[in-house]
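J.: Mind looking at a prediction? Sequence and model below.
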Amino acid sequence: MTFKYLLRVFLLATCFCMASTASQAAEALDGARMSLIWAIPFAGILLSIATGPLFYPHLWEHHYGKFAAFWSACIIIPLLLSAGFASASHALLHTILLEYVPFILLLFALYTIAGGIYLEGNLRGTPAANTLLLAIGALFASFVGTTGASMIMIRPLLRANDDRVFRVHTVVFFIFLVSNIGGALTPLGDPPLFVGFLKGVDFFWTAKSLWLETLFVALIVLTAFFVLDMVLHKREDRLHHPLDPTPDSPLSLHGMINFALLGVVIGAILMSAYWKPGISFSLAGVEVQLQNVVRDAIFVVAAMASLVLTKTSFRIANGFSWGPILEVALLFACIFICIVPVIAMLNAGSQGAFASLVALVTQPDGLPDNVAYFWLTGMLSSFLDNAPTYLVFFELAGGDPKMLMTGLAPTLAAISIGAVFMGANTYIGNAPNFMVYAIARGAGVKMPSFFGYMIWSGAILVPSFLLVTLIFFR
């Protein structure tokens with residue numbers, strides 16, 4: 001029996017479960033009654049992602065989809081059996097339709113559109129040039145999203161350094177700055193902030209309230225990169241230096257139509273937040289708002305328009321392929337499914353298996369502990385998807401956007417930058433991390449393993465976050 005046949009059976013069974021909920025009043029999962037055993041599949045997919053490329057790379061490269069299907073089934077089947085079709089299917093469909101689908105369609109649109117923007121020519125990968133590219137990419141991230149900025153800037157950075165002996169660190173710092181930290185200034189920059197925007201946080205609150213923390217950390221990381229790159233660049237002068245396969249040449253930007261399409265995507269996001277027609281559709285028991293359907297449709301149309309309006313030669317020159325986005329789509333589908341019981345247990349608060357976490361974010365006088373909010377949101381965002389993690393702690397802090405933007409502004413700041421900044425701690429903390437990893441690896445860069453990358457983030461980022469704690473949250 002082939003895997004494809006099993007997959008068809010699985011999909012048919014899932015569709016049957018979906019259909020069975022259409023006429024039933026679905027109930028939310030009771031996280032208070034769940035034990036930590038429900039977190040095992042989530043830990044399993046994380047460990048698979050962590051160990052696969054390191055210990056069994058050939059098996060992982062060809063069968064990561066099967067790993068994802070296995071761990072997903074370890075959640076779906078027990079949920080259906082224990083909670084019943086109505087509750088389990090509703091919880092899974094709610095996550096897939098309202099969280100995963102918009103998430104992956106936005107990534108798909110940004111990946112496709114950014115892949116059509118081609119910066120022809122080449123800079124020499126000197127420490128000054130590399131630092132400038134990282135700074136531009138970090139600033140760019142808050143306006144086109146960390147995914148869009150990562151896809152636009154990673155290939156020029158790789159070309160600039162394709163004759164360097166030491167270049168792994170450039171990609172690692174790129175993930176730190178462009179794929180994460182740089183996205184903290186607007187709700188368009190990173191999914192957690194977009195979630196906050198949809199919950200009622202003012203669009204400009206992040207820029208007004210988080211700019212100092214963002215600038216502080218970005219300058220520390222950029223300085224660390226510049227010093228390290230200078231040391232390694234000088235060491236290269238004493239080593240055999242490879243011939244530059246892409247010699248210096250004038251820069252020229254192509255695929256300008258894609259900037260307009262990025263504007264369309266941004267407009268669709270804003271439209272879904274401000275346009276509230278009050279029309280919704282029930283899809284297998286899950287209420288889907290019209291404005292969100294329109295938004296997601298615009299994402300797809302914009303991506304298709306990019307494919308039609310952009311010359312294929314630009315994508316070929318960029319080394320564009322569907323492999324990275326397919327890998328991200330499959331693995332994050334599994335992550336979103338496996339996170340369902342974890343989020344349910346977190347939402348149960350002091351009544352759930354993670355009650356000790358809830359106690360940690362509250363001081364004895366009942367006021368929020370901002371240091372705990374920063375580190376707990378951050379540590380969970382390092383391994384969980386940072387958008388639902390942000391939402392959980394947003395709700396734990398009261399869930400009132402007006403109060404959180406005023407009297408509890410330090411708490412909202414702690415949650416926001418914890419989710420955004422510490423998404424850089426691991427490859428799976430934020431979707432662009434894994435995409436950049438896959439692109440760099442495809443370009444011949446010997447990227448660190450999952451744990452090897454965490455050594456980098458622990459050495460560079462954790463001290464920066466400790467300084468943020470001492471300066472802004474004590």
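T.: Okay, I see it.

J.: give me the low-pLDDT residue ranges for the stretch 201-350 of the chain?
T.: The model of the stretch 201-350 of the chain has pLDDT under 70 over residues 237-249.

J.: those helices in it, which residues are they?
T.: In the stretch 201-350 of the chain, the helices defined using DSSP state H, counting those that start in this stretch lie at 205-236, 257-274, 290-309, 312-318, 323-347.

J.: Which among those helices is found nearest to Pro57?
T.: helix 323-347 (13.4 Å; Cβ to Cβ). Placement of C-beta: from N, CA and C, glycine included.

J.: what's that closest one packed up against?
T.: Helices and strands touching helix 323-347, by 3 or more Cβ pairs under 8 Å, 6 or more residues apart in numbering; DSSP states H and E, are helix 40-55, helix 57-95, helix 101-115, helix 386-396, helix 431-442.

J.: Let me have the ones you listed in TSV, extended by mean neighbour count, distance to Phe299 and mean pLDDT.
T.: Listed next are the helices and strands packed on helix 323-347 as TSV, based on neighbours: other Cβ atoms under 10 Å; distance: least, Cβ to Cβ, whole Å; pLDDT from 0 to 100:
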stretch	mean neighbour count	distance to Phe299	mean pLDDT
helix 40-55	18	26	79
helix 57-95	18	18	85
helix 101-115	23	4	85
helix 386-396	24	16	79
helix 431-442	23	15	84
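
J.: can you redo these as JSON lines with distance to Phe320?
T.: Shown next, in JSON lines, are the helices and strands packed on helix 323-347 (distance: least, Cβ to Cβ, whole Å):
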{"stretch": "helix 40-55", "distance to Phe320": "22"}
{"stretch": "helix 57-95", "distance to Phe320": "19"}
{"stretch": "helix 101-115", "distance to Phe320": "4"}
{"stretch": "helix 386-396", "distance to Phe320": "26"}
{"stretch": "helix 431-442", "distance to Phe320": "9"}
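
J.: give me the number of residues near Met403?
T.: 14 (other Cβ atoms under 10 Å).

J.: Helix, strand or coil: sort out it for me.
T.: helix (DSSP: H, G, I helix; E, B strand; the rest coil).

J.: Now for it: which residues touch it?
T.: Listed by Cβ atoms under 8 Å, 6 or more residues apart in numbering, Met403 has no contact partners.

J.: Ala355 is in contact with Leu36, correct?
T.: No - here Leu36 does not reach Ala355: they are 11.3 Å apart, not a contact under Cβ atoms under 8 Å.

J.: hang on, the earlier thing: to Ala129, which of the helices and strands packed on helix 323-347 lies closest?
T.: Closest among the helices and strands packed on helix 323-347, once you apply Cβ to Cβ, is helix 431-442, at 17.9 Å.

J.: Just give me how far the closest one sits from the chain centre.
T.: Averaging C-alpha positions (Cα atoms, centre = their mean, to the nearest Å) puts helix 431-442 12 Å from its chain's average.

J.: and the angle from that helix to helix 40-55?
T.: Helix 431-442 runs at 20 degrees relative to helix 40-55, counting by axes from the mean of the first three to the mean of the last three Cα atoms, to 10 degrees.

J.: which residue packs closest to Asn425, ignoring adjacent ones?
T.: Using Cβ to Cβ, 6 or more residues apart in numbering and skipping residues adjacent in sequence, the residue nearest Asn425 is Ser382, 3.7 Å away.

J.: isn't that neighbour right next to Ala419, touching?
T.: No - applying Cβ under 8 Å as the test, Ser382 and Ala419 come out as separate, 9.8 Å apart.

J.: Who has more neighbours out of these two?
T.: Neighbour comparison, Ser382 and Ala419: the larger count goes to Ala419, with 35 against 24 (by other Cβ under 10 Å).

J.: Please report the distance of the closest residue to Leu185 other than its chain neighbours from Ile136.
T.: In this structure, Leu185 finds its nearest non-sequential neighbour in Ser142, 3.7 Å apart by Cβ to Cβ, 6+ apart. Ser142 sits 12 Å away from Ile136, going by Cβ to Cβ, to the nearest Å.

J.: So for those two, which sits in the more crowded spot?
T.: Neighbour count, other Cβ under 10 Å: between Ser142 and Ile136, Ser142 has more, with 25 against 16.

J.: Looks to me like that one is in a helix.
T.: Yes - Ser142 forms part of a helix when assessed by three-state DSSP.

J.: wait, what's in contact with it?
T.: Contacts of Ser142 by Cβ under 8 Å, 6+ apart are Gly182, Gly183, Ala184, Leu185, Thr186, Leu188, Gly189, Ala207.

J.: Leu210 is in contact with the third one, correct?
T.: The one in question is Ala184. Yes - using Cβ under 8 Å, Ala184 makes contact with Leu210 at a distance of 5.2 Å.

J.: Pick out whichever of those two has more residues nearby.
T.: Between Ala184 and Leu210, counted using other Cβ under 10 Å, Ala184 has the larger neighbour count: 29 against 23.

J.: Check the gap between Ser282 and Pro57 for me.
T.: Remark: distance between Ser282 and Pro57 (Cβ to Cβ) = 45 Å.

J.: Val178 now?
T.: 26 Å.

J.: now swap in Trp456 and tell me
T.: From Trp456 to Pro57 the distance is 19 Å (Cβ to Cβ).

J.: Please apply the same query to Gly352.
T.: Distance from Gly352 to Pro57, by Cβ to Cβ: 37 Å.

J.: and what of Val462?
T.: Counting by Cβ to Cβ, the separation of Val462 from Pro57 is 28 Å.

J.: repeat for Phe434
T.: Phe434 is 15 Å from Pro57, by Cβ to Cβ.

J.: can you check Ala135 too?
T.: The separation that Ala135 has from Pro57, given Cβ to Cβ, amounts to 33 Å.

J.: cool, Val468 as well?
T.: Counting by Cβ to Cβ, the separation of Val468 from Pro57 is 36 Å.

J.: before we move on, the earlier item: residues shared between the contacts of Ala184 and Leu210?
T.: By Cβ under 8 Å, 6+ apart, Ala184 and Leu210 have these common neighbours: Ser416, Ile417.

J.: tell me the contacts of Asn430?
T.: So Asn430 contacts Thr146, Ser179, Asn180, Asp190, Asn386, Gly423, Ala424 (Cβ under 8 Å, 6+ apart).

J.: looking at it, the fourth one is touching Gly145, isn't it?
T.: So that's Asp190. Yes - counting by Cβ under 8 Å, Asp190 does reach Gly145; the two are 7.3 Å apart.

J.: Out of those two, name the residue with the larger neighbour count.
T.: Counted by other Cβ under 10 Å, Asp190 and Gly145 do not tie: Asp190 has more neighbours, with 33 against 30.
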